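Colleague: Dropping a prediction and its sequence here:
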Amino acid sequence: MLVLGFESSCDETGVALYDTAKGLLAHALHSQVAMHAEFGGVVPELASRDHIQRALPLTELVLKNANKSLKDLDGIAYTQGPGLAGALLVGASIAQSLAFTLNVPSVGVHHLEGHLLAPLLEENPPQFPFVALLVSGGHSQLMRVDGIGEYELLGDTLDDAAGEAFDKTAKLLGLGYPGGPALAKLATLGKPRFTLPRPMLNSKDLDFSFSGLKTAVLTLINNNQPLGEIKDAQTQADVAYEFQESVTEILTAKCMAALRETGLDNLVVSGGVGANTRLREKLNQATKRKLCKVSYPRLEFCTDNGAMIAFAGAMRLKAMGLNATNFQKQDYAFSVKPRWDLAELTKP
Ligand code: KG4
Ligand code: ZN
């Protein structure tokens, strides 16, 4: 069964082709980072307009790279939410129009389900059940995953998400947008010199809180430089280092606590912050010590991409027993869900 997937929830247009028998056949991505950089963040209207321009050329590219044509498709998947309404509408309307024209089933995918399942695109994929750490720009959640659509929330952030904390701290340090990767890079040049708090490290639950950490960084900067701007490159790197140590220590400790509490020995990490090298180092060490397994998506599938949407959509269509041959009729009216709680998902 061959499924075309569209991701357009924020500032990346991703398109991919997933074959349930052969795996991922092709994927392509256009990042809008350069376009939004001059505004210091994502401009929703510009994002929507860019998705419109990119979606079809990327579709042609993946079909060509996989040596397939539109008539080979058995189904179409698109990100239905959560995300920017206008951006979501672009992917949804293109996906639905194509599905209507080709007379194949379509499925709206939850963006976070895409992230959660992304590690399953790799060789030796993790088996259900597992504990998932989902750390992106908008979410920091720990979940117990028993199967597709079977997600139990174990812990959540009380304020900022981990990626958001990276981005906001990067801004305080005068690094550009998007800040997370830039801060992580700078941290490799830093040394242990400052001490920042580890919020909620010893709380008895599996929740997170990162906004106090950002304030602590601001205080540290102000104490160091009354003008609120660090001019010395080494000091800047040392702050980045300590910030990254704090976030990765907290995330690692909570993952290990979640494994302990659930009695599971399988951890899966996904979302943009899952690309962080220091986080991976710490999780690798901690899971090895406890004889647990940890899986990650390849780096390019940690951040937003079409492959995870094609995959999650294919799993849902397959579980529903829908394909182009047995498919009868579908109502192609659609809506997007800019806000959509993962807990609302059910088994297909
Ligand atoms: O999953 P994602 O691409 O988009 C959302 O759905 O939010 O995650 C983007 C987030 C951003 O906050 C970005 O700064 C962060 O992931 N990020 C990183 C790294 N790469 C991306 N944070 C820390 N270290 C990285 N290497
Ligand atoms: Zn995402």
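Modeller: Nice, I can see it. Ligands and ions are numbered 1, 2, ... in the order given.
Colleague: got the contact list for the nearest residue to V273 once chain neighbours are set aside?
Modeller: The shortest distance from V273 to any non-neighbouring residue, by Cβ to Cβ, 6 or more residues apart in numbering, is to V135 (3.7 Å). C-beta coordinates here come from the backbone N, C-alpha and C atoms, glycine included. When contacts are counted by Cβ atoms under 8 Å, 6 or more residues apart in numbering, V135 touches A161, A162, G163, L251, V269, S270, G271, G272, V273, G274, L279.
Colleague: beta partners for V135?
Modeller: When bridges are assigned using DSSP bridges, the partners listed for V135 are S140.
Colleague: ok, now how distant is it from ligand 2?
Modeller: 10 Å (Cβ to the ion, to the nearest Å).
Colleague: And F128, by the same measure?
Modeller: From F128 across to ligand 2, the span is 22 Å (Cβ to the ion).
Colleague: Touching, that residue and R144? I think so.
Modeller: No: F128 lies out of contact with R144 (Cβ atoms under 8 Å); the separation is 10.0 Å.
Colleague: Name the residue in these two with the higher neighbour count.
Modeller: R144 (18 against 15; other Cβ atoms under 10 Å).
Colleague: Please list the residues of the stretch 101-250 of the chain that sit near ligand 2.
Modeller: S136 (Cβ under 5 Å from the ion).
Colleague: what does whichever strand or helix holds L279 rub up against?
Modeller: When secondary structure is defined using DSSP states H and E, the element that contains L279 is helix 277-289. When contacts are defined by Cβ under 8 Å, 6+ apart, helix 277-289 is touched by residues 135, 184, 187-188, 244-245, 247-249, 251-252, 255-256, 259, 267, 269, 273-274, 293-294, 296.
Colleague: Not counting its neighbours along the chain, what's nearest E152?
Modeller: Using Cβ to Cβ, 6+ apart and skipping residues adjacent in sequence, the residue nearest E152 is R144, 4.3 Å away.
Colleague: how about the helix or strand containing that neighbour: buried residues?
Modeller: Taking DSSP H and E as the criterion, the element that holds R144 is strand 140-147. Within strand 140-147, the residues scored as buried using 16 or more other Cβ atoms under 10 Å are S140, Q141, L142, M143, R144, V145.
Colleague: if I pick the closest residue to ligand 1 within the stretch 1-150 of the chain, what's in contact with it?
Modeller: Distance from ligand 1 to each residue of the stretch 1-150 of the chain (Cβ to the nearest ligand atom) is smallest for G137, at 2.8 Å. With contact taken as Cβ under 8 Å, 6+ apart, G137 is in contact with C10, A161, G163, E164, D167, P178, G180, G272.
Colleague: closest to V109 among these?
Modeller: Within the set of the contacts of G137, C10 lies nearest V109; the separation is 14.4 Å, counting by Cβ to Cβ.
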